[in-house]
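In: sequence plus predicted model, see below.
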Amino acid sequence: MTEFIPPGTRWIDLPPGFPMKRGGTLPRARIAYETWGRRNAADDNSILILTGLSPDAHAAASEADPAPGWWETMVGPGKAIDTDRWHVVCVNSLGSCKGSSGPASLDPATGRPYRLAFPDVSIEDVADTAAHVVRALGIGRLACVVGNSMGGMVALALLARHPGIARSHINVSGAAKALPFSIAIRSLQREAIRLDPNWNGGDYDEEHYPESGMRMARKLGVITYRSALEWDGRFGRVRLDSDRRDDEDPFGLEFEVESYLEAHARRFVRNFDPNCYLYLSRCMDWFDIGESCGGTTAEGLARIRVERALAIGVHTDILFPLQQQEEIADGLRAGGSAATFLPLESPQGHDAFLVDFARFSPAIGGFLAGL
């Protein structure tokens, strides 16, 4: 498999022998990032964006890459994260296949992809490598670290492991630990990939790619990223037209919602490396900010020191349910932060922060305007 790297990507090398939390080191590795806006003379206007499992560092269009980014409506001049005011950095997670080192990268010892020889990746490792990027860029202290979904976990680990790295924090549909339901879903996704014969113990290529396993994993994910309310309102029980059905398959696609899932999965599978998916999925299951800090989840959160924080979630999120963002706000408040919990009524589930900008833009923009 190859990596999938946006044209505007830049890199920062990690120190040789970079240590991993669960054992092993990286002899040579890099982290991909992109930036927007300019740092001011006081060096106090930098924002770090940490992503979910699958996005790259291309959050918004830039001169280097004018293609729309995955958070295009949120990041840019005059937008909620206003690049006329803020210097914005977005990193691609360690373990990904979108420019940062991971299982799809070449092992310098063999000249072949690492595959499962890549060391186990933890949320803490992703946080430590993001901190390295911040320091390598010469940023003294971040104005804010913004973490979405898995990035919300990474942000908490970053703040806990690197005290003083940021003045404030926005946690968007994130969590301080993995819950059993989320672990169960991700376990099924990983099983679907591993049971595909083409996965072959992680040793596959473009010709023998575990497409069926990845399709099933992605479909399971998409079902949990949105809400039953949206599925009903968007598709109802509408059936496919006869010319879109395969009449020779008695159990083939019949409903519009099935067709949507199939199309979404097919767009994804050849654009993300299966082993990278396994690694990043598992690192979320392992995470608990309390275990990371040697205590309970509440104690781990209370050890984080930021001046201000905002934890945002939506009522219809079943993957990172609303009580997890409330837990974050309560825990940060116990540590002395002026932390606010903001529940939103979006019908679009976990993915609302990627699509429901009418609700999320004022929340995020309003918080940043007060810094």
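Out: Structure's in. What do you need?

In: what residues sit buried inside stretch 210-228?
Out: 210-221, 223-227 (16 or more other CB atoms under 10 Å). From N, CA and C alone the C-beta is placed, and that goes for glycine too.

In: the strands in the stretch 151-300 of the chain, which residues?
Out: 166-172 (DSSP state E, counting those that start in this stretch).

In: pLDDT below threshold where in it?
Out: Applying pLDDT under 70 to the stretch 151-300 of the chain flags residues 243.

In: re earlier: in helices, which of the buried residues of stretch 210-228 appear?
Out: The helices, defined by DSSP state H, take in 211-221, 223-225 from those.

In: can you list those residues in CSV and add distance to H162?
Out: Converted to CSV, those look like this (distance: CB to CB, whole Å):
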residue, distance to H162
E211, 39
S212, 41
G213, 36
M214, 34
R215, 38
M216, 38
A217, 32
R218, 33
K219, 37
L220, 34
G221, 30
I223, 35
T224, 31
Y225, 30
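
In: hmm, L332 is touching A309, no?
Out: Yes. Assessed by CB atoms under 8 Å, L332 is found in contact with A309 at 4.7 Å.

In: need the residues touching each of the two.
Out: Taking CB atoms under 8 Å, 6 or more residues apart in numbering as the criterion, L332 and A309 both touch H169, A339.

In: so how far is C97 from S281?
Out: For S281, the distance to C97 (CB to CB, to the nearest Å) stands at 13 Å.

In: okay, the two: which has more neighbours?
Out: C97 (28 against 20; other CB atoms under 10 Å).

In: check the more buried one and give its pLDDT.
Out: pLDDT, the model's per-residue confidence, is 96 for C97.

In: if I look at the spatially closest residue to it that is not a sequence neighbour, how far off is G202?
Out: Leaving aside its sequence neighbours, C97 sits nearest to D273 (CB to CB, 6 or more residues apart in numbering; 3.8 Å). For D273, the distance to G202 (CB to CB) stands at 10 Å.

In: of these two, which one has the most company?
Out: Set side by side, D273 and G202 show more neighbours around D273, with 26 against 18, by other CB under 10 Å.

In: so the more buried one sits right up against G95, yeah?
Out: No. Between D273 and G95 there is no contact under CB under 8 Å: 9.9 Å.

In: give the residues shared as contacts by those two.
Out: With CB under 8 Å, 6+ apart, D273 and G95 have common neighbours G102, P103.

In: what does stretch 228-240 contact?
Out: Contacts for stretch 228-240 (CB under 8 Å, 6+ apart): L253, E254, F255, E256, V257, E258, S259, Y260, T316, P347, Q348, G349.

In: just those: which are in helices?
Out: Per DSSP H, the contacts of stretch 228-240 map to helices at E256, V257, E258, S259, Y260.

In: closest to W11 out of the residues you listed?
Out: Nearest to W11 out of the ones in helices among the contacts of stretch 228-240 is Y260 (CB to CB; 35.8 Å).

In: what about the spatially closest residue to the closest one that is not a sequence neighbour, neighbour count?
Out: Excluding the flanking residues, the one nearest Y260 by CB to CB, 6+ apart is F235, at 6.8 Å. Around F235 there are 15 other residues, counting by other CB under 10 Å.

In: the residue nearest to T35 when sequence neighbours are not counted: which element?
Out: In space, not counting the residues next to it along the chain, T35 is nearest to V89; the distance is 5.2 Å by CB to CB, 6+ apart. V89 is part of strand 87-91 when elements are defined by DSSP states H and E.

In: after that strand, which helix or strand is next?
Out: helix 123-136.

In: contacts for that following helix?
Out: With CB under 8 Å, 6+ apart, helix 123-136 has contacts from 12, 14-15, 18, 20-21, 29, 31, 33, 46, 48, 50, 89, 91, 93-95, 100, 142, 150, 153-155, 157-158, 161-162, 165, 283-284, 286-287, 292.

In: tilt between that helix and strand 166-172?
Out: With axes from the mean of the first three to the mean of the last three CA atoms, to 10 degrees applied, the angle from helix 123-136 to strand 166-172 works out at 140 degrees.

In: next, the angle from helix 123-136 to strand 87-91.
Out: Going by the same axes, to 10 degrees, helix 123-136 makes 140 degrees with strand 87-91.

In: which parts of the very next helix or strand once past helix 123-136 are buried?
Out: Sequence-wise, the next helix or strand downstream of helix 123-136 (DSSP H and E) is strand 142-148. By 16+ other CB under 10 Å, the buried positions in strand 142-148 come out as L142, A143, C144, V145, V146, G147, N148.

In: looking at those residues, which one is closest to P6?
Out: For the buried residues of strand 142-148, the nearest to P6 is N148 (17.5 Å; CB to CB).

In: quick check, the closest one in contact with F353.
Out: Yes. Here N148 reaches F353: they are 5.8 Å apart, a contact under CB under 8 Å.

In: shared neighbours of those two, anything?
Out: The contact lists of N148 and F353 share V172, S173, where a contact means CB under 8 Å, 6+ apart.

In: and W286, what is it in contact with?
Out: S122, I123, A178.
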